[in-house]
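Visitor: Fold the following, please.
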Amino acid sequence: MKLLYLIPSVNNAGGVAKILALKTHYFIEKWGYEIHVVTQNEGHKNPFFDFHPTIVWHDIERKGQSLKAVFQYKKQLKEVALSLQPDCIVVADNGLKAYLVPFLLNKKIPIVFECHGSKYQKEAPFSISFLNKMKYNCTLWFKEWAAKQFDAFVVLNAESAKEWPASNCTIITNPLVIRTAEKKQISSKRVVAIARNAYEKGLDRLLVIWQQVAKRQPEWELCIYGVLNPETQLLPLAQALGVESSVTFYPPVVAVETVYLDSAVFVMTSRYEGLGLVLLEAMASGLPCVAYDCPVGPRSIITDGVNGFLVEDGNVEAFVERLALLFQDEKLRETIGENAQKSIANYELNTIMNQWKALFDSLIIQR
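Guide: As a prediction, the model looks like this:
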């Protein structure tokens, strides 16, 4: 089988790129698939994760958001698709242009959309003006309508499926490969967050929470792993909040297992999450996790008070209280962490990859 994946870039430490590396490697090694990947603006150069050496990379030069840029994107994409004639095309891109793919390409080839985020996701904050509200609502309408034009629209969990009321919607979650038997540092006083430094990941919200935590438990340290993006101004915010002495920023790491094992608590303050791969990884490592109940991923993984803590989205005081509970009670941290490890059995790699194979096979037969 020949698959063509569309993804903006793989030279970052994001979960979409990590999952793509994992899945394509499995397809090639297990079933001998031929994999092609289209990136944009040399987005395949220096990939952060290891990709299978037999993958064939293609690149599209894309400039801006204008109508002309869309037509140039269409022309280049059609050239790649026509030359390859893949059995199936998979879109792994949550940008608005990704929803245009069924209209840009020949519909004789099955096209699958991998939804890794919430339908309601915003890339940046905006003022609540009438014009912005109208623009946002039009975008939501377009996404919902365009989603129905794909041969299959794959979401990560039942919560995400509720956002997309379409007959072509199917659930295939992300696989998990971290399975550590090592003992984490339960007595550590490190709290860890791993995220792209982007608006939807809400690291600015985490620093606001930490301002309260640091006053009550100054002996604890917050470690944030991710590329510092100047646009989000995290360093100046940490200084303005007076927490720079207890917050340490680290670059992304490939061997993320060691980060989890050296930490005592994992936190997630995202504004939107499709699933939250790092949340799953932390739970698999036996870490107690505290997460905002944002749309839509964390609530599909965490049962509040059992295998983690799920906090009302945006409730800073409640988040601080949950952290205080874990900080004060080492036994509670251990119990929650053990429950977390037991609860992620449904994310086994072989089962999930067989679901993908069955989907591709069925789409090809239907054609």
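Visitor: CA only for contacts and neighbour counts going forward, please
Guide: Fine.
Visitor: Could I get the full set of helices for this structure?
Guide: Ranges of helices in the chain, per DSSP state H, are 15-31, 67-84, 101-104, 130-147, 158-163, 203-216, 234-241, 256-261, 277-284, 298-301, 316-328, 330-342, 349-366.
Visitor: Out of those, the one nearest residue 38 is which?
Guide: With respect to residue 38, and counting by Cα to Cα, the nearest of the helices of the chain is helix 67-84 at 8.3 Å.
Visitor: Contacts for that closest one next, please.
Guide: Helix 67-84 has contacts (Cα atoms under 8 Å, 6 or more residues apart in numbering) with 4, 58, 60, 61, 62, 63, 104, 105, 106.
Visitor: Of these, grab the buried ones for ChimeraX.
Guide: Command for ChimeraX, covering only those of these found buried under the criterion 16 or more other Cα atoms under 10 Å:
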select :4,58,60,62,104,105
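Visitor: give me the beta-bridge partners of the closest residue to residue 56 other than its chain neighbours?
Guide: Using Cα to Cα, 6 or more residues apart in numbering and skipping residues adjacent in sequence, the residue nearest residue 56 is residue 36, 4.7 Å away. Bridge pairing for residue 36 (DSSP bridges) gives the partners residue 4, residue 56.
Visitor: now residue 36: how far from residue 223?
Guide: Using Cα to Cα, to the nearest Å, one gets 37 Å for the distance from residue 36 to residue 223.
Visitor: do residue 294 as well
Guide: From residue 294 to residue 223 the distance is 22 Å (Cα to Cα).
Visitor: Ok, residue 198 next?
Guide: With Cα to Cα as the criterion, residue 198 and residue 223 are 17 Å apart.
Visitor: can you check residue 152 too?
Guide: 39 Å.
Visitor: okay, now residue 277: neighbour count?
Guide: Neighbourhood size, residue 277 [other Cα atoms under 10 Å]: 22.
Visitor: swap in residue 208?
Guide: Residues near residue 208, counting by other Cα under 10 Å: 15.
Visitor: Hmm, residue 242 and it touching each other?
Guide: No: Residue 208 is not in contact with residue 242 according to Cα atoms under 8 Å; the separation is 10.1 Å.
Visitor: what about the stretch 251-367 of the chain, any weak spots by pLDDT?
Guide: By pLDDT under 70, the stretch 251-367 of the chain has no low-scoring segment.
Visitor: Can you give me the domain assignment for this protein?
Guide: The chain breaks down by automatic domain parsing into domains covering 2-174+348-366, 190-346.
Visitor: so of those, which one's packed in deepest?
Guide: Of those, the one with the most neighbours on average (mean count of other Cα atoms under 10 Å) is domain 190-346, at a mean of 20.
Visitor: how long is that one from one end to the other?
Guide: 28 Å.
Visitor: Could you single out the nearest of the contacts of helix 67-84 to residue 340?
Guide: Closest to residue 340, out of all of the contacts of helix 67-84 and judged by Cα to Cα, is residue 4, at 35.4 Å.
Visitor: Spit out the contact partners of the closest one.
Guide: 35, 36, 37, 38, 81, 86, 88, 89, 90.
Visitor: would you turn these into JSON lines with pLDDT?
Guide: Conversion of the contacts of residue 4 to JSON lines gives the following (pLDDT from 0 to 100):
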{"residue": "35", "pLDDT": "98"}
{"residue": "36", "pLDDT": "98"}
{"residue": "37", "pLDDT": "97"}
{"residue": "38", "pLDDT": "96"}
{"residue": "81", "pLDDT": "94"}
{"residue": "86", "pLDDT": "97"}
{"residue": "88", "pLDDT": "97"}
{"residue": "89", "pLDDT": "97"}
{"residue": "90", "pLDDT": "98"}
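Visitor: So which of those residues is the closest to residue 8?
Guide: Nearest to residue 8 among the contacts of residue 4, with distances taken as Cα to Cα, is residue 38, at 7.7 Å.
Visitor: which residues touch that closest one?
Guide: Counting by Cα under 8 Å, 6+ apart, residue 38 touches 4, 5, 6, 7, 8, 57, 58, 59, 60.
Visitor: Can you give me the pLDDT of the first one?
Guide: Okay, so that is residue 4. Turning to residue 4, the model gives it a pLDDT of 98.
Visitor: what separates it from residue 46, distance-wise?
Guide: From residue 4 to residue 46 the distance is 20 Å (Cα to Cα).
Visitor: just the second one next, same as before
Guide: In this structure, residue 5 lies at 18 Å from residue 46, with Cα to Cα as the measure.
Visitor: try the fifth one
Guide: As judged by Cα to Cα, residue 8 and residue 46 stand 14 Å apart.
Visitor: Same check on the third one?
Guide: According to Cα to Cα, residue 6 stands 17 Å off from residue 46.
Visitor: Okay, strands next: where are they in the stretch 151-300 of the chain?
Guide: Secondary structure of the stretch 151-300 of the chain (DSSP state E, counting those that start in this stretch): strands at 152-155, 169-171, 190-194, 221-225, 247-250, 265-268, 289-292.
Visitor: Please tell me I have it right and residue 117 contacts residue 271.
Guide: No: with contacts counted by Cα under 8 Å, residue 117 stays clear of residue 271, the gap being 10.5 Å.
Visitor: distance between the ends of stretch 220-233?
Guide: End to end - Cα to Cα - stretch 220-233 spans 23 Å.
Visitor: hmm, who's touching it?
Guide: Against stretch 220-233 from outside (Cα under 8 Å, 6+ apart): 13, 189-199, 204, 210, 214, 234, 246-253.
Visitor: what about it, average pLDDT?
Guide: On average, stretch 220-233 scores 85.
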